[in-house]
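Engineer: Please work out how this folds:
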Amino acid sequence: MSQGATPSTMIRRRGFLLVLSSPSGAGKTTITRRLLERDPSLSLSVSVTTRPRRSSEIDGRDYHFIDQATFERMVAGDELLEHATVFANSYGTPRQPIEDAIAAGRDIVTDIDWQGTQQVSARLSADLVTIFILPPTPQALEARLRTRAQDSDAVVAQRLAKSSEEMSHWPEYAYVIVNDDLERSVADAQAILTAERLKRERQTGLADFVTRLRGG
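Structural biologist: A predicted model of the protein is given here:
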């Protein structure tokens, strides 16, 4: 709630899905987590994946870890807004929690790749806000991949080789942030979130609110 707002002056609005994409290591996951820490009204879309759980991850918080058969059943049942196979593992975004949140006026965030964003865009259209995160240099991207120590040298090489193709899709996004300073990048993403919430077309209760202001 904004400063000075009361329940009687809050305006009904429609929520949206905020998507952050980037090549691996450019910062989309870190920025997403910082946004969630700063904004309690923002919730996370937890993706499903068939990849093994890392030691630092918690099922249901970082991902819903499922087997391939379950994943294929979800695809066949149209339960995913988007899905893709990356480095031999399958990922997908559950549809129902996002559609329910948007209809209730709540905002939800996810970090997915450009292929997933294209699929979501075809289904959500006006309810989607997209940000692409770029690294400041190729060297910084490689350093971040190696510093996080989550993948083998072979996987790091694969991710670096794929990054050029991934970065070529930046024009498909509404906003682009160069992540040369994490705190500034998070602040920029928060500013985008705030501005999108104030868009006239998203404030579905605005006409009624103005009518009351005018004494109607």
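Engineer: measure stretch 35-55 end to end?
Structural biologist: Using CA to CA, to the nearest Å, the span of stretch 35-55 from its first residue to its last is 23 Å.
Engineer: Next up, phi/psi of the closest residue to Arg12 other than its chain neighbours, please.
Structural biologist: Take Arg12 and drop its neighbours on the chain: the residue closest to it by CB to CB, 6 or more residues apart in numbering is Gly205, 3.1 Å away. C-beta coordinates here come from the backbone N, C-alpha and C atoms, glycine included. Dihedral angles of Gly205 (phi, psi; degrees, to the nearest 10) stand at phi -100, psi 10.
Engineer: mind checking pLDDT for Gly205?
Structural biologist: Listed pLDDT for Gly205 reads 95.
Engineer: Surely it is in contact with Gly105?
Structural biologist: No - with contact defined as CB atoms under 8 Å, Gly205 does not reach Gly105; the gap is 9.1 Å.
Engineer: The two: which is more packed in?
Structural biologist: Neighbours were counted for Gly205 and for Gly105 using other CB atoms under 10 Å; Gly105 has more, 19 against 13.
Engineer: Glu196 versus the residue nearest to Arg12, what's the distance?
Structural biologist: 17 Å (CB to CB, to the nearest Å).
Engineer: Could you pull out the buried residues of the helix or strand containing Ala140?
Structural biologist: According to DSSP states H and E, Ala140 maps onto helix 138-147. For helix 138-147, burial by neighbour count (16 or more other CB atoms under 10 Å) applies to 141-142, 144-145.
Engineer: ok, now stretch 76-91?
Structural biologist: By 16+ other CB under 10 Å, the buried positions in stretch 76-91 come out as 79-84, 86, 90-91.
Engineer: Stretch 99-111 too?
Structural biologist: Going by 16+ other CB under 10 Å, stretch 99-111 has these buried residues: 99, 101-102, 105-111.
Engineer: Now intersect these with the helices, please.
Structural biologist: Counting by DSSP state H, the buried residues of stretch 99-111 place 99, 101-102 in helices.
Engineer: Surely Ser45 and Val109 touch.
Structural biologist: Yes - using CB under 8 Å, Ser45 is in contact with Val109, at 6.7 Å.
Engineer: low pLDDT regions in this protein?
Structural biologist: 1-9, 148-151, 216 (pLDDT under 70).
Engineer: Spell out the residue ranges of the strands in it.
Structural biologist: 17-21, 42-44, 48-49, 64-65, 80-86, 89-94, 107-111, 128-134, 175-178 (DSSP state E).
Engineer: Any idea which of the ones you listed gets closest to Ala161?
Structural biologist: With CB to CB, the closest approach to Ala161 among the strands of the chain belongs to strand 80-86: 13.2 Å.
Engineer: Just want the angle from the closest one to strand 17-21.
Structural biologist: 10 degrees (axes from the mean of the first three to the mean of the last three CA atoms, to 10 degrees).
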